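S.K.: Sequence and predicted structure, then a few things I'm wondering about:
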Amino acid sequence: MNNVGRMTTILKQILNSYKLLGECLSVTRVENMLQIHRFSSDIRNSSQTYNELYKYWYNRFISDDILEPEESAGYIFAHLFNKKTISLVPQSCMNNLIPHEKISYVNDLCVKRLKRMPIQYILGEWDFFGVNLKMKPPVFIPRPETEELVKHVLQCIKCRLNNHGSKNSPLKILEIGCGSGAITLSLLHNLKHENVKFVAIDATSHAVQLSKENSKLLNLDMLTKLQILHIECGVAKSILLEKFAPFDIIVSNPPYIPTSDMKNLPDEISMYEDNIALHGGNKGLDVIDGILELAKHMLTKNGSIWLEVDSSHSSIFRTSYADWMVESYKDLFDNFRFCHFRKSI
């Protein structure tokens, strides 16, 4: 029996027992893995230009129904030249033959994409609101919409700093569910010389660790302005945060996807990103309600809360949350995605 035959036998033997996030491997996926194996063997012994290999993978991504096939291939091949996008790579470079040692490397990256791994995890980094962040599964990947949330919060902070005057006490900002650190670190990057103090917390240790790694990479790990803490929930959260409270601003991109929508998530999300950072309970409000309850005790009298929410939540907040004055803002896709809460007078 040849190597491919042996591999087929082994994969079929484990098919009924091997699961990835609760979903069994399909025979189609087994066949795809075998095709990838055959292709990998073939190109190791052939001469390919970057452009030829790029076109192969671009077409392969299309045939395998990979989301954003052109962008996926483009980011991977741009990465080979230390560029952010394929448009920044000179065509003369793309026409060069690929060095033998790079063939396996680019092949491995593209195979990961065929397995639906998000491009951010494949590259191990991603740009967000002017900072470059290290990315690791299963920590939640920041989306373009969240950059808009940062814009709103940054404007709010600057306005409050202007009204804060020359007070000795810093403006204090709490982020709940910091993930990779995208929100807090991008804000602090823009406010390094301002009188501010950030506290960023997350319920998962791997997220806290990644936030700390990113703070060091960005030279933002300054204890006088930033604390990143692993705090799980409930009473422990309140006790640990009390020594930093009250906060002038609380910001969060919490889990807000309703239970009924979780089954509709693409494989890139459901297979790789932490469900804890996504699932918001029956109506998507479980964590949001917890944040608003905590804020009643942790927020200054004139404090603000900024949340990224599901598009269905805006109307609920306006009609059912009498303790709060709520303003809603649309994202770049014209959905009501951000809410600004202030205590009702």
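M.R.: Sure thing, it's come through.

S.K.: element containing C93?
M.R.: C93 is part of helix 91-94, with elements assigned from DSSP states H and E.

S.K.: buried sites along the helix or strand just after that helix?
M.R.: Next in sequence after helix 91-94, counting helices and strands by DSSP H and E, comes helix 100-114. For helix 100-114, the neighbour count (16 or more other C-beta atoms under 10 Å) marks 103, 106-107, 109-114 as buried. In this view, the C-beta of every residue, glycine as well, is placed from N, C-alpha and C.

S.K.: go on, stretch 212-229?
M.R.: Residues of stretch 212-229 classed as buried: 212-215, 217-218, 220-221, 225-226, 228-229 (neighbour count, 16+ other C-beta under 10 Å).

S.K.: Out of the helices and strands in the chain, which is least certain?
M.R.: Here the helix or strand of the chain ranked lowest by mean pLDDT, DSSP states H and E is strand 19-20, holding a mean of 36.

S.K.: Walk me through which strands the top strand by length along the chain pairs with, and which way each runs.
M.R.: Of all the elements of type strand in the chain, the one with the most residues (DSSP state E) is strand 299-308. With DSSP bridges as the test, strand 299-308 is paired with strand 247-252 (parallel), strand 336-343 (antiparallel).

S.K.: and these, which is most packed in?
M.R.: strand 247-252 (a mean of 24; mean count of other C-beta atoms under 10 Å).

S.K.: would JSON lines of the buried residues of helix 100-114 with pLDDT and distance to E68 be doable?
M.R.: JSON lines is the format used below for those (pLDDT from 0 to 100; distance: C-beta to C-beta, whole Å):
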{"residue": "I103", "pLDDT": "93", "distance to E68": "24"}
{"residue": "V106", "pLDDT": "96", "distance to E68": "18"}
{"residue": "N107", "pLDDT": "96", "distance to E68": "20"}
{"residue": "L109", "pLDDT": "98", "distance to E68": "15"}
{"residue": "C110", "pLDDT": "98", "distance to E68": "14"}
{"residue": "V111", "pLDDT": "97", "distance to E68": "17"}
{"residue": "K112", "pLDDT": "98", "distance to E68": "15"}
{"residue": "R113", "pLDDT": "98", "distance to E68": "10"}
{"residue": "L114", "pLDDT": "98", "distance to E68": "14"}
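
S.K.: Phi, psi for the most centrally placed residue in the chain please.
M.R.: Closest residue to the average C-alpha location of the chain: I141 at 1.1 Å, with C-alpha atoms, centre = their mean. Main-chain dihedrals, I141, degrees, to the nearest 10: phi -90, psi 120.

S.K.: Verify the stated contact: it with P118.
M.R.: Yes. Counting by C-beta atoms under 8 Å, I141 touches P118, with 5.9 Å between them.

S.K.: Now the common contact residues for the two.
M.R.: In terms of C-beta atoms under 8 Å, 6 or more residues apart in numbering, I141 and P118 are both contacted by the residues E273.

S.K.: next helix or strand past the longest helix along the chain?
M.R.: Ranked by residue count and defined by DSSP state H, the top helix of the chain is helix 144-164. The helix or strand immediately downstream of helix 144-164 is strand 171-176, counting by DSSP H and E.

S.K.: Can you name the residues in contact with that next one?
M.R.: So strand 171-176 is in contact with 153, 157, 160-161, 164, 183-184, 187, 194-201, 241, 244-252, 254, 291, 294, 298, going by C-beta under 8 Å, 6+ apart.

S.K.: picking up where we left off before, same for the helix holding C93, what does it pack against?
M.R.: Applying 3 or more C-beta pairs under 8 Å, 6 or more residues apart in numbering; DSSP states H and E, one finds that helix 91-94 contacts helix 50-63.

S.K.: Can you check what angle separates the next helix or strand after the helix it packs on from helix 100-114?
M.R.: Per DSSP H and E, helix 50-63 leads on to helix 69-80 as the next helix or strand towards the C-terminus. Per axes from the mean of the first three to the mean of the last three C-alpha atoms, to 10 degrees, the angle that helix 69-80 makes with helix 100-114 is 150 degrees.

S.K.: And for the nearest residue to L88 once chain neighbours are set aside, the neighbour number?
M.R.: The spatially closest residue to L88, leaving aside those adjacent along the chain, is A78, at 6.5 Å (C-beta to C-beta, 6 or more residues apart in numbering). When counting by other C-beta atoms under 10 Å, one arrives at 18 neighbours for A78.
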